[in-house]
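Trainee: predicted structure and sequence below. I'll ask about it afterward.
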Amino acid sequence: LTLYVFSSLILIFLFKLFPANSAMAQTGRRHRCICLQTTKTPVPLRDIKKIEVIPPGGNCRQVEIIVTRKNGPPVCMDPEAPWVNFIRKLQEQQR
């Protein structure tokens, strides 16, 4: 009977342990860079719905610029691209 109780306690401990580990792994995944690849190719102004500028932080050391298009998937832009800097200056002037 004691072996049964002991093994039950171990199983309960393991079931509680694994969800905690998977939650930590998911949390860690959310805090890395969003942009794995960037492009310098301009997106036409008429196709841009929104531009997000994400500053460097905790687990991502680079500025990330994400262009959400009206039609199509979002695109990660190279922050050093000349046209990106031009668009950012236009945004600052509008504020």
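Mentor: Structure's in. What do you need? Numbering: from 1, shown residues only.
Trainee: what's near enough to touch residue 32?
Mentor: 59-60 (Cβ atoms under 8 Å, 6 or more residues apart in numbering). Heads up, the C-betas are built off the backbone N, CA and C, glycines and all.
Trainee: can I assume it sits in a strand?
Mentor: No - applying DSSP: H, G, I helix; E, B strand; the rest coil, one finds residue 32 to be coil, outside a strand.
Trainee: where's it relative to residue 50, distance?
Mentor: 22 Å (Cβ to Cβ, to the nearest Å).
Trainee: around residue 41, how many other residues sit close by?
Mentor: 10 (other Cβ atoms under 10 Å).
Trainee: not counting sequence-adjacent ones, nearest residue to residue 64?
Mentor: Nearest residue to residue 64, sequence neighbours excluded (Cβ to Cβ, 6 or more residues apart in numbering): residue 54, at 4.2 Å.
Trainee: quick one: contacts for the one you found?
Mentor: By Cβ under 8 Å, 6+ apart, the neighbours of residue 54 are 34, 60, 63-66.
Trainee: switch to 10 Å and redo it
Mentor: 33-35, 60, 62-66, 76 (Cβ atoms under 10 Å, 6 or more residues apart in numbering).
Trainee: again with residue 62
Mentor: Neighbours of residue 62 in contact, by Cβ under 10 Å, 6+ apart: 33, 35, 38, 54-56, 79.
Trainee: where does it sit: helix, strand or coil?
Mentor: coil.
Trainee: give me the pLDDT for it.
Mentor: Predicted confidence (pLDDT) for residue 62: 91.
Trainee: buried stuff in stretch 34-43?
Mentor: For stretch 34-43, burial by neighbour count (16 or more other Cβ atoms under 10 Å) applies to 35, 38, 43.
Trainee: and the nearest residue to the second one once chain neighbours are set aside, what pLDDT?
Mentor: Pointing back at residue 38 there. Nearest residue to residue 38 in three dimensions, chain neighbours excluded: residue 78, at 4.3 Å (Cβ to Cβ, 6+ apart). Reading off the confidence values, residue 78 has pLDDT 93.
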